[in-house]
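> Quick one: sequence plus predicted model below, questions after.
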Amino acid sequence: MKRTASAVWKGDLKQGQGTLSAPGGVLKSTPYSFTSRFENGPGTNPEELIAAAHAGCFTMALSAALGKGGFTPSELSTEAALTLEQVSGNWTITKIHLDLTGKVPGIDAAKFDEIAKDAKANCPVSRVLKAEITLSAKLA
């Protein structure tokens, strides 16, 4: 399996603008810029997309792991908070915190935490990132 995406950038770093695209259609010449990345300007940015990818990957991995354990979630909701900071003069993704809320009939909090921690460690996006990844999980 291979997935692709593309970026086009025009201009210098601070005044330039770019677009991101992917065949799935969600990203179709989606704008990004210095202000959307390092300030609060409109558009997306690579870090926001990594956070979304991580939240989505983890949540699907958790659903699969719960299923293997005999549990069917009625709802799983994850917010990924990514930290981008300077490390030795280079912008670096240093942390991602996953904040999970789940509605899973028939499971207790200890089992939910155990399965969630395993999903955090083993989802493909977690495994590719070098950042510290933390998790808080609660049953609703």
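Yep, that arrived. Numbers count the residues shown, from 1 in each chain.

> buried residues in the lengthiest helix in the chain?
Among the elements of the chain assigned as helix by DSSP state H, the one spanning the most residues is helix 46-68. Residues of helix 46-68 classed as buried: 47, 49-51, 53-55, 57-59, 61-63, 65-66 (neighbour count, 16 or more other Cβ atoms under 10 Å). No exception for glycine: its C-beta is placed from N, CA and C like everyone else's.

> That one: what's the following helix or strand?
Past helix 46-68, further along toward the C-terminus, the next helix or strand under DSSP states H and E is strand 75-87.

> what's that following strand in contact with?
When contacts are defined by Cβ atoms under 8 Å, 6 or more residues apart in numbering, strand 75-87 is touched by residues 47-48, 50-52, 54-55, 58-59, 62-63, 91-104, 131, 140.

> and if you look at stretch 130-140?
54, 75, 82-83, 93-104, 107, 109, 112-113, 116-117, 120, 126.

> can we see that at 7 Å?
With Cβ atoms under 7 Å, 6 or more residues apart in numbering as the test, stretch 130-140 has contacts from 93-104, 109, 112-113, 116-117, 120, 126.

> from those, which would you call buried?
Listed as buried from the contacts of stretch 130-140 are 93, 96-98, 100, 102, 104, 112-113, 116, 120, 126; burial here means 16+ other Cβ under 10 Å.
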